[in-house]
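> below are the sequence and a predicted model; questions follow.
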Amino acid sequence: MIGLEVLYQPFVEFGFMRRALAGAAALAMAAGPLGVFLVLRRMSLMGDAMAHAILPGVAVGFLTAGMSVTAMTVGGMITGLAVALLAAAVARLTPQREDASFAAFYLVSLGVGVLLISLKGGNTELLHVLFGTVLGLDDAALILVSATSSVALLVLAVIFRPLVMECLDPLFLRSESRMGPVVHIAFLLLLVMTLVAGFQVLGTLMVVGIMMLPAAAARFWAGTAIGQMALAAFSGVFASYLGLLLSYYANVPASPAIILSAGIVYFLSVTFGTQGGLWQVARQARARRLRLSRISQRDF
Amino acid sequence: MGIGVALMAANPLPDTPISAIELEELSLGWRDKVAVRNLSGCFPQGSLTALVGPNGAGKSTLLRGIMGWVTPLSGHIRLMGSSAPAFMPQQGDFDKTFPISTHDFVAMGAWRRVGPWRGFGRGERERLESALQAVGLSDFGRRPLATLSGGQLQRALFARLMLHDADTYMLDEPFSAVDRATTEDLMSLLLEWNRAGKTVIVVLHDLDLVRRHFPQTLLLAGQCVGWGATDEVLTPENLHLARHLCAGDYL
């Protein structure tokens, strides 16, 4: 019986653990499905870029208003969107490739952001912004994260059909309607929104992890976009729970522990996944070899 | 009947066709390269035209211009039909590995009727089934798109196009990735649509296929080399000229 208690006792005993679980789970439910679309559109790097891009805005918010949720959120939204649009514009108007364009912008953003925060704050503030405060979520942060996730999921449901078409066959959507650019911008908005809300929980460096890792893992289990989205959300929540437990018992920082858990889920999926996982690929190759050798034995 | 007679009377030449798409001194280009220069003419309603030319002749650009995705550098494109033309991309233009069932992929064709939010009623589902049947993919609806072969994928694209109900179909190299049998099957579908009165424009490389099935041909090589009856356009001189014109671009 002692064994089972270990799994829920920290959450029963401590309010901050319950808050952490609620915040991280709310974030994961929206981040995973959004991440699935990033993976499908081959824009994994873009999630990374945007997460870093919100840093200068957050820093300016911090410089002007201190550790205020509102100021940092507004600042993060502004620079996140600005960088997304600028990087896309550079990729479109010059021969620069989109991934290189995003990489350039996010490296600059990271530098500017860290520099700005260091102007006024010390290492504590810097760590808060980079790695989040999942164990110290106040009401404002918790409400922000859950409201943002709810809105993100609702909007995602509304634009789902054209968004799938935009990923799958952009020319087709273009021939049928003018929604393409609108859907693209809406998706970018959702992305920035979720990342900004998520940085309160996991920090700007770690928040992409809860978006990309569950999505990349879901690819190995589900054959449809819908299935991948549901699975990504679920495994993100599971990783949050696992990471918080790990952080509690091993006494390690919470947000890296959550990302580490998501990473473990990812590597298990790569190995054992039923949609092209390593194990399955190896078994199929072996079966093929056996079949071929049987056939050749029969022939000779 | 009365309308038909009135039309005939107003029209001194009974075989002068009504045009579906008119091009007037049209020039199209990307960035600083002009892909199509000074092209004039019309695709008559209900015509079946092959769009032929060497690589880089501006065939895809012309289709994209007609779809309105490339703004003309000069000149005009006039679309006469009530509905926008339906476009079929090349296989390389979309993500063949996207996790979606063949059924859902073909269902995209119903967009003009269902849009982003409406559900698929029984009418749409029947339409979808009959389109899948017409291209020979009845049993493939549940298969993921990524598992289809090149020929099956092309059949799925044709089924999707059938759901459109557009007046004009434009196909960009529909037979470049498929075997002979599939080509014959799909070609007979194209001819069927054309018999039903649709205007069909197809980018093709196989000149034998063009000579066998297409009454009209537009031979492009950055500019119009010939546009009219297929056997008058696809002469050795014209083909030589087309190759020569396109090679000049890269010398």
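Perfect, thanks for sending it.

> just give the nearest non-adjacent residue to the residue of the stretch 151-251 of chain B found nearest chain A, would you?
Per C-beta to the nearest C-beta, the residue of the stretch 151-251 of chain B with the smallest distance to chain A is B:Arg160, at 8.0 Å. Bear in mind the C-beta positions are built from the backbone N, C-alpha and C, glycine included. Spatial nearest neighbour of B:Arg160, excluding adjacent residues (C-beta to C-beta, 6 or more residues apart in numbering or on different chains): B:Gly109 at 3.9 Å.

> buried residues in the helix or strand in which the residue of the stretch 151-251 of chain B closest to chain A is found?
Secondary structure assignment for B:Arg160, by DSSP states H and E: helix B:150-162. Neighbour counts over helix B:150-162 (16 or more other C-beta atoms under 10 Å in any protein chain shown) mark B:Gly151, B:Gln152, B:Leu153, B:Gln154, B:Arg155, B:Ala156, B:Leu157, B:Phe158, B:Ala159, B:Arg160, B:Leu161, B:Met162 as buried.

> got these as a markdown table, with pLDDT columns?
Listed next are the buried residues of helix B:150-162 as a markdown table, based on pLDDT from 0 to 100:
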| residue | pLDDT |
| --- | --- |
| B:Gly151 | 90 |
| B:Gln152 | 92 |
| B:Leu153 | 93 |
| B:Gln154 | 93 |
| B:Arg155 | 94 |
| B:Ala156 | 94 |
| B:Leu157 | 93 |
| B:Phe158 | 93 |
| B:Ala159 | 94 |
| B:Arg160 | 94 |
| B:Leu161 | 92 |
| B:Met162 | 91 |
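
> tell me where the longest helix sits in chain A.
The single longest helix within chain A, with elements called by DSSP state H, is helix A:179-218.

> how far off helix A:179-218 does the following helix or strand past that one point, in degrees?
Using DSSP H and E, the helix or strand that follows helix A:179-218 in sequence is helix A:225-250. Using axes from the mean of the first three to the mean of the last three C-alpha atoms, to 10 degrees, the inter-axis angle of helix A:225-250 relative to helix A:179-218 is 50 degrees.

> ok, residues contacting the following helix or strand past helix A:225-250?
Downstream of helix A:225-250, the next assigned helix or strand under DSSP H and E is helix A:254-272. Applying C-beta atoms under 8 Å, 6 or more residues apart in numbering or on different chains, the external contacts of helix A:254-272 come out as A:20, A:24, A:131-132, A:134-135, A:201-203, A:206, A:209-210, A:213-214, A:216-221, A:235-236, A:238-240, A:242-244, A:246-247, A:250, A:277-280.

> isn't B:Leu161 right up against B:Ala86?
Yes. Between B:Leu161 and B:Ala86 there is a contact under C-beta atoms under 8 Å: 5.7 Å.

> intersection of neighbour lists for these two?
By C-beta under 8 Å, 6+ apart, B:Leu161 and B:Ala86 have these common neighbours: B:Tyr169.

> need the contact list for A:Met165.
A:Phe172, A:Leu173, A:Glu176, B:Met108, B:Trp111.

> and the gap between the last one and A:Ser175?
Here the criterion is C-beta to C-beta, to the nearest Å. By it, B:Trp111 lies 9 Å from A:Ser175.

> quick one on the thing from earlier: residues in contact with the residue of the stretch 151-251 of chain B closest to chain A?
Contact partners of B:Arg160, counting by C-beta under 8 Å, 6+ apart, are A:Phe172, B:Met88, B:Phe105, B:Val106, B:Met108, B:Gly109, B:Ala131.

> for the residue in the stretch 151-300 of chain A positioned nearest to chain B, which non-adjacent residue is spatially closest?
Closest residue of the stretch 151-300 of chain A to chain B, C-beta to the nearest C-beta: A:Asp169 (3.8 Å). Closest residue in space to A:Asp169, ignoring its immediate chain neighbours: B:Phe94 at 3.8 Å, by C-beta to C-beta, 6+ apart.

> try A:Pro33
Spatially, and ignoring its direct neighbours in sequence, A:Pro33 is nearest to A:Met229 (3.9 Å; C-beta to C-beta, 6+ apart).

> just to revisit the earlier point, orientation of the longest helix of chain A relative to helix A:254-272 in degrees?
80 degrees.

> now helix A:179-218: mean pLDDT?
Throughout helix A:179-218, pLDDT has a mean value of 91.

> report the buried residues of it.
Buried, per 16+ other C-beta under 10 Å, within helix A:179-218: A:179-180, A:183-184, A:186-218.

> all set now, cheers.
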